[in-house]
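> Provided below are the primary sequence and the corresponding predicted coordinates.
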Amino acid sequence: MHVVIVGGGVIGLGIAWRSLERGLGVTVVDPEPASKASHVSAGMLPPANELLYSQEDLLRLCLASRERYPSFVEELEAVSGVPTGYRRDGLLDVALDDESLDVLGGLHRFVESVGVTVESLDARQCRELEPTLAPTVRGGLLSPDDGAVNPRELTASLLAAVSARGGTLIRRRVTDVLIDGRAVGVRLDDGTTVHGDRTVLSAGCWTHLLGGLPSGAVPEIAPAKGQILRLRSPEPYLRRATRAVAGGSGVYLVPRADGELVVGATYEERGYDTTVTAGGVAELLDKVRAVLPGAAGLELAEAAAGLRPGSPDGLPVLGETCVPDLLLATGHSRIGVQLAPVTADVIAEMLVSGEVLDVAKAFSVDRFPR
Ligand SMILES: Cc1cc2nc3c(=O)[nH]c(=O)nc-3n(C[C@H](O)[C@H](O)[C@H](O)COP(=O)(O)OP(=O)(O)OC[C@H]3O[C@@H](n4cnc5c(N)ncnc54)[C@H](O)[C@@H]3O)c2cc1C
């Protein structure tokens, strides 16, 4: 069986690699693979957040992906020979005021209730773990088995694995999905066509804009803009991925071994605009200075913006559409890097055996009216 995958972000590339491992032929089509949301993403891999309190199906999907991450990365690095920057050396949540301490208390109870190890810390313990934290830190939580991945390295590793396993990458834009009673492939922007037995659409917030799709077959995947900064210091400025909450609003900080410190992110609904604004940068700098006062002296190495792909109900869309042999894998919004391993396995299983893994059943496209 040959599969055509439209879109080579972390979602499309993950599916491509896992499908190749299962013996399928794969062609990925993307004019600029790994250049959009997956390129700017921070790569935080927290065990949970408050958005999951009332989202049981999404929580199960997140936990399934969390469980898969270590072996996914280990197998990927062995095939590609390219590191992913994956680290599981702890994720710290800190509160900067009393109200935020209560928020962390709720998070503690929730995370523990789903079987994840987490420890409460007082202010002194937080600063012992992370000496650059502000003295105003009131307390925190440590999830010792969680962490982060470097999405730029992860996607480079996936691209190398796709190539190593005999997959084809075509660096062109898809203009249309070809449908002849069923999906039979795609047309490219130079007018040529690529045929396949199955076609998977994973083009992020551009998925529903592809030509040739019957009305209502693909729900609108709306972009949610996120601005994000990369600071730099000669040595890592933090030891582990950290989230801070103050006054009901949060910031996350992801250090890399080479001294990069990612500071994220704004959440804005501005269509397909990816302008980096003075206001966006100022908001992030204000937040980081409140948690890490010394960060003001670090180099501002990059300010960027990306578009998170959001489905009409904010949840992923995984699986068969009403068009035979046409599948969707998109709508991962704020957590696509986190959900890449489970998404790749879910879609590869559907392609190979037709089985819908239990964990994916709630995310079918059927939940949207056509
Ligand atoms: C600022 C920011 C911070 C984030 N931080 C995190 C985080 O810490 N943890 C986390 O889990 N998630 C995070 N996310 C979310 C995560 O980045 C996304 O959910 C994920 O990258 C989505 O991956 P994707 O492959 O679906 O989309 P994308 O990465 O956007 O990839 C879509 C691909 O489709 C291609 N494409 C588009 N149109 C066509 C076409 N016509 N033909 C062919 N190809 C096409 C594009 O070139 C692109 O490569 C963050 C997002 C942002 C914006």
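That came through fine.

> switch to C-alpha atoms for all contacts and neighbour counts from now on
Fine.

> domains in this protein, by residue range?
2-73+151-221+311-367, 91-145+222-310 (automatic domain parsing).

> how many neighbours does Leu101 have?
Look at Leu101: counted by other Cα atoms under 10 Å, it has 21 neighbours.

> for Leu121, see how far away it is.
11 Å (Cα to Cα, to the nearest Å).

> overlap in contacts of the two?
Here Leu101 and Leu121 have 139-140 as joint contacts, going by Cα atoms under 8 Å, 6 or more residues apart in numbering.

> what's stretch 173-193 in contact with?
4, 6, 29-31, 172, 194-199, 210-213, 323-326.

> of those, buried ones?
4, 6, 29-31, 172, 194-199, 210, 213, 323, 325-326 (16 or more other Cα atoms under 10 Å).

> inside strands: which ones of these?
4, 6, 29, 194-195, 198-199, 326 (DSSP state E).

> okay, the domains of the chain, which one's buried deepest?
Across the domains of the chain, the average number of neighbours (mean count of other Cα atoms under 10 Å) peaks for domain 2-73+151-221+311-367, which reaches a mean of 20.

> pull the distance from that one to the chain's centre.
12 Å (Cα atoms, centre = their mean, to the nearest Å).

> can you measure across that domain, start residue to end residue?
28 Å.

> residues from the stretch 1-150 of the chain in reach of the ligand?
6-12, 29-38, 40-45 (Cα under 6 Å from any ligand atom).

> so which of these belong to strands?
Short answer: those in strands (DSSP E) are 6, 29, 44-45.

> the ligand: which of these is nearest?
The nearest member of those to the ligand, counting by Cα to the nearest ligand atom, is Met44 at 3.7 Å.

> just checking, the closest one touches Arg243?
No - contact between Met44 and Arg243 fails when scored by Cα atoms under 8 Å: they sit 9.4 Å apart.

> who's in contact with the closest residue to Ser233 other than its chain neighbours?
With sequence-adjacent residues excluded and distances taken as Cα to Cα, 6 or more residues apart in numbering, Ser233 is closest to Gly259, at 5.0 Å. Residues counted as contacts of Gly259 (Cα under 8 Å, 6+ apart) are 232-237.

> what's near enough to touch Asn150?
42-43, 84-86, 256.

> which of these fall in helices?
Nothing among those maps onto helices, per DSSP state H.
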